[in-house]
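S.K.: Sequence first, predicted coordinates after that:
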Amino acid sequence: MSPSEDAVALIGELTERRLTIAVAESLTGGMLTAALVDVPGASLVVNGGVVAYATPLKHSLLGVDAELLAERGAVDPDVACQMADGVRSACAVDGRAADLGLATTGAAGPDPQDGREPGTVYLGVASGRGIRSVALQLSGDRPAVRRAAVAEAISAARDELAQLSGRAE
């Protein structure tokens with residue numbers, strides 16, 4: 001499978017700016033990291049990824065607050081933010097955290113998860129500029145929701161890079 005144009009553009013922008021990215025995934029199960037590393041030259045900028053599919057791993061590997069997970073479950077905007085922030089450190093190279101952290105969490109379906117309907121997805125984006133979440137309501141079957149979450153996450157990362165450089169896209 002050839003890489004998406006957006007993934008190619010993201011890897012190109014990161015390379016040009018000498019920035020790194022790390023990815024924390026739940027519902028996408030490694031698809032986002034795979035989409036990035038499908039791009040030739042990705043090894044220059046992709047530090048790595050953590051697939052924290054089981055909720056307890058979000059705490060133990062990424063540092064997501066255990067009380068938050070217990071109270072709200074994994075499908076939550078604050079969980080996405082903490083995942084994105086945590087993966088920057090979890091995938092540090094030579095003591096240097098990744099410049100950009102990107103996270104996916106949500107309910108891909110067919111059944112609800114943590115009281116959230118299928119298609120409910122939260123992205124987390126963390127950089128030196130701060131941490132934010134992006135709420136999505138995606139439609140389609142399980143594979144379609146997961147593919148759309150990957151595309152939206154890549155778009156959110158590109159938006160963050162635009163904000164970091166002070167230009168809006």
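M.R.: Received, thanks. Numbering: from 1, shown residues only.
S.K.: Name the SS class of the residue nearest the centre of the chain, please.
M.R.: By C-alpha atoms, centre = their mean, the mean C-alpha position of the chain lies nearest to Ala103, the distance being 2.3 Å. Three-state call for Ala103 (DSSP: H, G, I helix; E, B strand; the rest coil): strand.
S.K.: Tell me which residues touch it, please.
M.R.: With contact taken as C-beta atoms under 8 Å, 6 or more residues apart in numbering, Ala103 is in contact with 23-26, 80-81, 83-84, 87, 123-126. To be clear about C-beta, it is placed using only N, CA and C from the backbone, and glycine gets the same treatment.
S.K.: Quick one: the helices in the protein, in order.
M.R.: Along the chain, the stretches classed as helices by DSSP state H are 5-17, 31-37, 55-60, 66-72, 77-90, 142-164.
S.K.: out of these, which comes closest to Ile131?
M.R.: Counting by C-beta to C-beta, Ile131 lies closest to helix 77-90 out of those; the figure is 4.7 Å.
S.K.: What mean pLDDT does the closest one get?
M.R.: Mean pLDDT, helix 77-90: 98.
S.K.: For burial, what's the neighbour tally of Ala107?
M.R.: 25 (other C-beta atoms under 10 Å).
S.K.: Can you read off the pLDDT for it?
M.R.: Ala107 is given a pLDDT of 98.
S.K.: ok, the residue nearest to it when sequence neighbours are not counted - how many residues close by?
M.R.: Nearest residue to Ala107 in three dimensions, chain neighbours excluded: Gln113, at 4.0 Å (C-beta to C-beta, 6 or more residues apart in numbering). By other C-beta under 10 Å, 19 other residues sit near Gln113.
S.K.: Just list whatever residues bridge to Gln113.
M.R.: Arg116 (DSSP bridges).
S.K.: How much space separates it from Ala126?
M.R.: In this view, Gln113 and Ala126 are 23 Å apart by C-beta to C-beta, to the nearest Å.
S.K.: Alright, I will stop here.
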